[in-house]
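# Build me a model:
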Amino acid sequence: MNNALGTNIKRYRTILGYNQSLMAEKTGLSRPAYAAIESGRSEPKARNLMKIADVLRINIQDLFEPLPQFQSLRFRKNAHATSKEESKREQVLIAFNRKLQDYNFLIKELNKPKENMITQIMGSDPVSAAMDARKSAGIQDHEVISNICSIIEKFGLVLSFIDSDSRLFFGFSVGNEDNGPAICVNTHESISIERQIFTIAHELGHLVMHRASYSGTISDAQDDQEEKEADIFASYFLMPDELFRKFFSEYKHLHWFDMIIALKRIFRVSYKTVIYRIIEKNLVRNDFNLWIHFPMEYNKRTSRTLKNHTEPEPITSIVEDYRQREPEHLHRGDFMRDTLQGLVQEAYFRELITFSRAGEILQKDNEAMNQLLESWDVME
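So this is what the prediction gives:
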């Protein structure tokens with residue numbers, strides 16, 4: 001019997017919150033018969049596998065896919081994760097591995113060179129490394145990063161988006177040994193776009209500064225320190241200090257709350273990232289605690305509580321010239337740019353892959369794939 005089968009069945013049912021008794025009931029099998037399939041003691045009949053796949057809401061092929069063994073994965077594990085959360089984590093890794101394989105297949109079919117510019121980035125500390133990374137990507141000192149996805153592509157990195165309701169991750173990355181370097185970002189609707197952008201920059205920081213940590217052996221103390229360094233890198237990559245001070249001075253006449261909102265929208269970062277920088281640079285009085293006053297002011301203005309990873313809505317009291325200058329909202333389409341979809345488009349039009357293969361790679365059914373093709377066709 002396939003060793004992956006029982007493991008996969010258990011993982012998928014755990015994600016759905018089903019126990020063996022419920023699975024047996026839903027598939028019409030006796031509990032002993034179902035348990036024997038999941039444990040690997042029994043070779044299942046094809047019709048029973050189809051029943052199991054239907055109950056788990058997956059394709060029957062998914063039941064036989066082995067869990068990938070990464071050699072250079074940097075994905076923080078939570079020691080207190082439930083079995084359901086750990087199962088979701090494993091499922092994310094399977095989906096990510098599929099995307100990496102499809103990406104490398106398309107690169108080979110399209111005969112595209114594979115580049116890795118991050119090895120050229122220098123810097124002895126997170127701030128200088130961030131500045132050198134901006135320089136390497138051709139970002140001007142006065143320039144705000146409007147599309148971090150295109151920047152990542154310039155570095156020759158694979159950028160993958162996965163929508164998962166797992167609470168265990170915002171993102172992770174892999175090194176060269178696993179068809180990388182590559183960054184995976186969780187785009188679940190509960191995670192703000194600002195958080196997703198910061199995650200990309202954070203993982204870029206790891207790939208630039210912590211290449212040795214992609215061996216899979218990271219101590220907790222080392223990990224904590226490297227996480228802090230990656231946060232600093234991301235902050236300065238997205239908000240270089242000179243540019244931050246320029247806009248800080250420009251909007252200093254606003255109410256301090258509106259100024260923080262203005263800065264967060266300019267740099268496309270979270271309000272917390274802005275507050276950290278203001279405090280770090282001593283741009284606020286020591287007796288005025290922004291961490292306490294910001295949520296209080298938010299509640300005062302909106303009658304809502306600011307908690308978890310909530311990002312405040314755009315504030316309408318921001319001065320008119322600011323509203324004209326900046327977009328009212330940061331739309332998901334302004335952020336997401338999937339490297340894989342662009343490769344699929346090129347490969348399909350060059351007749352290197354079929355319609356069904358394109359749909360398989362992008363995980364779209366025939367109707368969705370036809371809609372995408374229609375969209376591609378109307379563009380010159």
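
# centre of the chain versus the helix or strand where K246 lies, how much separation?
Assigned by DSSP states H and E, K246 belongs to helix 241-250. The chain centroid and the centroid of helix 241-250 are separated by 28 Å under Cα atoms, centre = their mean, to the nearest Å.

# residue contacts, H210?
R74, E226, E229, A230 (Cβ atoms under 8 Å, 6 or more residues apart in numbering). Backbone N, C-alpha and C define where each C-beta goes, glycine included.

# Can you name the two of those that sit furthest apart?
Distance extremes for the contacts of H210: the farthest pair is R74 and E229 at 13.0 Å, using Cβ to Cβ.

# Now do stretch 351-370: distance from first to last residue.
16 Å (Cα to Cα, to the nearest Å).

# Can you pull out the residues in contact with that stretch?
Here stretch 351-370 makes contact (Cβ under 8 Å, 6+ apart) with D102, L106, E109, L110, L340, Q341, V344, A347, Y348, L372, L373.

# in that stretch, what's buried?
The neighbour-count check on stretch 351-370 (16 or more other Cβ atoms under 10 Å) flags L352, I353, R357, A358, G359, I361, L362, K364, M369 as buried.

# can you check stretch 244-262 too?
So for stretch 244-262, counting by 16+ other Cβ under 10 Å, buried means F244, F247, F248, Y251, L254, W256, F257, D258, M259, I260, I261, A262.

# what's the closest of those residues to S160?
Among the buried residues of stretch 244-262, and counting by Cβ to Cβ, the member closest to S160 is F244, at 29.6 Å.

# about what we covered before: most neighbours among the contacts of H210, which one?
A230 (24 neighbours; other Cβ atoms under 10 Å).

# Now do the buried residues in stretch 145-158.
Buried residues in stretch 145-158, defined by neighbour count with 16+ other Cβ under 10 Å: I145, I148, C149, I151, I152, E153, F155, L157, V158.

# Where is pLDDT lowest across these?
Note: of those, the lowest pLDDT belongs to E153, at 86.

# where's that one, which helix or strand?
helix 148-154.

# returning to that earlier point: redo the buried residues of stretch 244-262 as CSV? Include pLDDT.
Below are those laid out as CSV (pLDDT from 0 to 100):
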residue, pLDDT
F244, 96
F247, 95
F248, 95
Y251, 91
L254, 89
W256, 93
F257, 93
D258, 92
M259, 92
I260, 94
I261, 92
A262, 91
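
# wait, which of those residues is closest to D132?
Using Cβ to Cβ, F244 comes nearest to D132 of these, at 17.8 Å.

# quick one, phi/psi of the residue nearest to the closest one when sequence neighbours are not counted?
Among residues not flanking F244 along the chain, R277 sits closest, at 6.0 Å (Cβ to Cβ, 6 or more residues apart in numbering). Per-residue torsions, R277: phi -70, psi -40 (degrees, to the nearest 10).

# Can you pull the poorly scored residue ranges out of the stretch 51-200 of the chain?
79 (pLDDT under 70).

# Sorry, slip of the keys, the one I care about is the stretch 201-350 of the chain.
Using pLDDT under 70, the stretch 201-350 of the chain drops low at 216-222, 308-309, 313-338.

# all helices of it, in order?
220-238, 241-250, 256-267, 271-280, 290-302, 320-325, 332-335, 339-349 (DSSP state H, counting those that start in this stretch).
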